[in-house]
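Engineer: pasting a predicted model and its sequence here:
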Amino acid sequence: MDKGESLFVQLIKVLTIGLIAAIILYFTIWEKYIYAIHTLLEVLCIFIGASVFLIVWNTIDKMSNVNYIIGFGFLAVVIFNSCHTYLFAVQLSANYISLDLTIKYWFLGRLTEAIVLYFASLKTSIVKLNKWIYLVLTIIIPIGIVFVIYKFPGAFPTMSTTAGPTLAKKLGESIIILIIFLSLMNLRRNINTEDTVSYMHLFMVPLILIFTEAMFFKRSSVYSFSVIYGHVLRILCYYYLYKSIYVSSIEYSYEKMKLENIKLEEAYRQLEESKKEEIRRQGMLMQQEKLALLGQMGAGIVHETRNYLTTIKGSYQLAKLFAKEECVIKHLERINKNTDEINRIMNGFLLMSKPRETELLEVSMHDLLESVKSLIISTSLVKKVDVFFDITKEERYLLCDEGQINQVILNLCKNAVEAMEEKEDSKLFIETGYDVVANEMCIHIKDNGKGITEKDLKKIGTPFYTTKNAGTGLGLYMCRQIIKEHNGRMDVCSELGKGTCFTVTLPCLSDEEREEEGGAYPNYI
């Protein structure tokens, strides 16, 4: 439902509720207790008008010009209505002079209402003086008018005679209806704007007042149904006036505070995120510093350790020359094998701390895989893993360090076999392919092992990060470094419980590069 439909529905509800209340009062106690009921209805209007003023008075520092006008304007309305209510309550005889006087005050109250709403609809700017100055002016001017009319009845046109309402009264009420209608048109232009005042509620005030004034305009006597219906509608009109000021002064401020709190919470959240990001960056910086220090230390440790390994290797060779017994030779071979393994690990640390220059040679992808094929099969069969090769027939050449690429392939196959240790039907797939457009060869190493979690997948290749109990966390890091030096890339995808696939992509030599004679190969380092 749009705003127009909502206002229409609200107006129908107000008119219906007012009609029901007026019918009940009219057919029960209106004629018998007219003075008491009239006084009660007017007192309710006076009370609501005074409440509107008090809200404005107590929140005046945060008020807009519109609320200023409404608050102090309706204080003047309260004064006129109070005089009218008092005189009507003591009107116990057919004293038309006194009745005319009370109608004059009532007319002034309604005229002031219309004028206040009109200026409020214009959103007129006023000078915000001290609130006590406005209070004094708002009290003195209406009381002065009341006093002048009371002392000099002829100074104001007669509103009522024994013959009924005068022409001056009908003309004055027509002017009131016109002013209210103009206010309605002005407010209609502002109904879709976001402002301090709740225009949706304020718009209902002149809308209801038009029907209220129409009831008073057509009344034949104070006992007529239109009078009671008009008074009930007037109370409902004052209710919407109070609601508009309450929403703008209290609820709006509360909602504004909530919005400010949301903004503060968002700012605090962003601050916390920035703080966490700063801590993360500091952690990364410290980690880099640790790695740099570890690299320096590693280079020194490797250098010293390899000196001892050289001594052990030499001792092994001398001992083997003089050894005659098979068991001694067997243990010497084991010493030699372990020495070579330690040397390989040291070389890995040395390569990480101070990588050696890559020796680039022209190598066939087919020959490269054939050189490690038997080794992959033998090590896999020991672990009861079936190996399947699907090597493309496309014969392309790479410019690479054959030993390093073999190291990458063997390391990836070794990791794949270890990931399938607890699986009965273990299968290792090694496939190659050629991308004609990109001129690249790719190697896919797939297993049907336990897979890698999404959390661990993000950390694959990070130095010293491993999920193995006895792993160093350097294998995949070294593989990435080697492939990077060859201007290639290494990608990984995995699904937990189904397996993992590593894809190594390397650039191939173009036919023009291969046909060059004596030309130096490009250095990819």
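Structural biologist: Yep, it's here. Residues are numbered from 1 along each chain as shown.

Engineer: please name the residues that touch Val363.
Structural biologist: Tyr397, Leu398, Leu399, Cys400, Glu402, Ile405 (CB atoms under 8 Å, 6 or more residues apart in numbering). Backbone N, C-alpha and C define where each C-beta goes, glycine included.

Engineer: for those, pick the one with the most neighbours.
Structural biologist: The residue in the contacts of Val363 with the most neighbours, by other CB atoms under 10 Å, is Cys400 (28 neighbours).

Engineer: remind me what the helix or strand hosting Val116 packs against, helices and strands.
Structural biologist: According to DSSP states H and E, Val116 maps onto helix 96-121. Helix 96-121 is packed against helix 65-89, helix 131-151, strand 160-161, helix 167-190, helix 199-217, with contacts defined by 3 or more CB pairs under 8 Å, 6 or more residues apart in numbering; DSSP states H and E.

Engineer: can you tell me the average pLDDT over the helix or strand harbouring Gln317?
Structural biologist: Gln317 belongs to helix 252-322 when assigned by DSSP H and E. Helix 252-322 carries an average pLDDT of 73.

Engineer: now swap in stretch 491-507 and tell me
Structural biologist: Stretch 491-507 comes out at a mean pLDDT of 86.

Engineer: now swap in stretch 145-156 and tell me
Structural biologist: 87.

Engineer: care to break the chain down by domain?
Structural biologist: Here the domain parsing of the chain from automatic domain parsing is 7-249, 285-353, 361-515.

Engineer: and Lys276, which of those domains is closest to it?
Structural biologist: Each of those has some distance to Lys276 by CB to CB; the shortest is domain 285-353, at 14.9 Å.

Engineer: what distance do you get for the residue nearest the centre of the chain to Glu278?
Structural biologist: With distances taken as CA atoms, centre = their mean, Glu266 lies nearest the centre of the chain, 8.2 Å away. Distance of Glu266 to Glu278, computed by CB to CB, to the nearest Å: 19 Å.

Engineer: show me where the stretch 401-525 of the chain has helices.
Structural biologist: Assigned by DSSP state H, counting those that start in this stretch, the stretch 401-525 of the chain shows helices spanning 402-419, 454-457, 475-485, 511-515.

Engineer: list the helices and strands the first one packs on?
Structural biologist: Taking 3+ CB pairs under 8 Å, 6+ apart as contact, the helices and strands that helix 402-419 lies on are strand 361-364, helix 365-382, strand 427-435, strand 440-447, helix 475-485, strand 499-507.

Engineer: residues making contact with the second one?
Structural biologist: If I follow you right, that is helix 365-382. 386-387, 389, 391, 395-398, 400, 402, 405-406, 409-410, 413-414, 417, 428, 430, 432, 441, 443, 508.

Engineer: which of the residues you listed are buried, as a ChimeraX select command?
Structural biologist: Applying 16 or more other CB atoms under 10 Å to the contacts of helix 365-382 leaves a buried subset, and the ChimeraX line that selects it is:
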select :387,396,397,398,400,402,405,406,409,413,417,428,430,432,441,443,508
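
Engineer: related to what we said a few turns ago, would CSV of the helices of the stretch 401-525 of the chain with distance to Phe181 and mean pLDDT be doable?
Structural biologist: Converted to CSV, the helices of the stretch 401-525 of the chain look like this (distance: least, CB to CB, whole Å; pLDDT from 0 to 100):
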stretch, distance to Phe181, mean pLDDT
helix 402-419, 84, 82
helix 454-457, 68, 76
helix 475-485, 80, 80
helix 511-515, 89, 67
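
Engineer: looking at these, which is nearest to Asp447?
Structural biologist: Nearest of those (CB to CB): helix 402-419, 3.9 Å.

Engineer: neighbouring contacts of that closest one?
Structural biologist: 358, 361, 363, 368-369, 371-372, 375-376, 379-380, 383, 385, 398, 426, 428, 430, 443, 445-447, 449-451, 468, 475-476, 478-479, 482-483, 485-486, 490, 499-500, 502, 504, 506.

Engineer: buried only: go through these for me.
Structural biologist: If we count by 16+ other CB under 10 Å, the contacts of helix 402-419 have these buried: 363, 368-369, 371-372, 376, 380, 385, 398, 426, 428, 430, 443, 445-447, 449-451, 475-476, 478-479, 482-483, 485-486, 490, 499-500, 502, 504, 506.

Engineer: give me the number of residues near Gly144?
Structural biologist: 10.

Engineer: follow-up on the earlier one: compare the domains of the chain and say which comes out lowest on pLDDT.
Structural biologist: domain 285-353 (a mean of 73).

Engineer: if I look at Ile180, how far off is Met200?
Structural biologist: Counting by CB to CB - Ile180 and Met200 are separated by 18 Å.

Engineer: state the helix or strand in which the nearest residue to His201 once chain neighbours are set aside lies.
Structural biologist: Leaving aside its chain neighbours, His201 sits nearest to Ser244 (3.7 Å; criterion: CB to CB, 6 or more residues apart in numbering). Per DSSP H and E: Ser244 is located in helix 225-246.

Engineer: packing partners of that helix?
Structural biologist: Using 3+ CB pairs under 8 Å, 6+ apart, helix 225-246 sits against helix 3-25, helix 34-58, helix 65-89, helix 199-217.

Engineer: which among the contacts of Val363 gets closest to Ile235?
Structural biologist: Using CB to CB, those come closest to Ile235 at Ile405, 92.5 Å.

Engineer: any idea how far Pro142 is from the closest one?
Structural biologist: 100 Å.

Engineer: what do you get for His444?
Structural biologist: For His444 relative to Pro142 (CB to CB), the value is 94 Å.

Engineer: show me which of the two is the more surrounded one.
Structural biologist: Using other CB under 10 Å as the criterion, His444 and Pro142 rank with Pro142 on top: 22 against 16.

Engineer: wait, Met215 sits on Leu233?
Structural biologist: Yes. Using CB atoms under 8 Å, Met215 is in contact with Leu233, at 6.8 Å.

Engineer: of these two, which one has the most company?
Structural biologist: Leu233 (26 against 21).

Engineer: what sits against the more buried one?
Structural biologist: Applying CB under 8 Å, 6+ apart, the residues contacting Leu233 are Val14, Leu15, Gly18, Ile208, Phe211, Thr212, Met215.

Engineer: Trp106 contacts Tyr86, doesn't it?
Structural biologist: No. If you go by CB under 8 Å, Trp106 and Tyr86 don't touch, sitting 11.4 Å apart.

Engineer: which one's more surrounded, those two?
Structural biologist: Taking other CB under 10 Å, Trp106 and Tyr86 do not tie; Trp106 has more neighbours (20 against 14).

Engineer: how close does the more buried one sit to Leu167?
Structural biologist: From Trp106 to Leu167 the distance is 17 Å (CB to CB).

Engineer: what of Thr102?
Structural biologist: Between Thr102 and Leu167 the distance is 19 Å, computed by CB to CB.

Engineer: quick one, which of the two is more surrounded?
Structural biologist: Thr102 (20 against 9).

Engineer: now the more buried one. Nearest residue, chain neighbours left out?
Structural biologist: Leu87 (3.7 Å).
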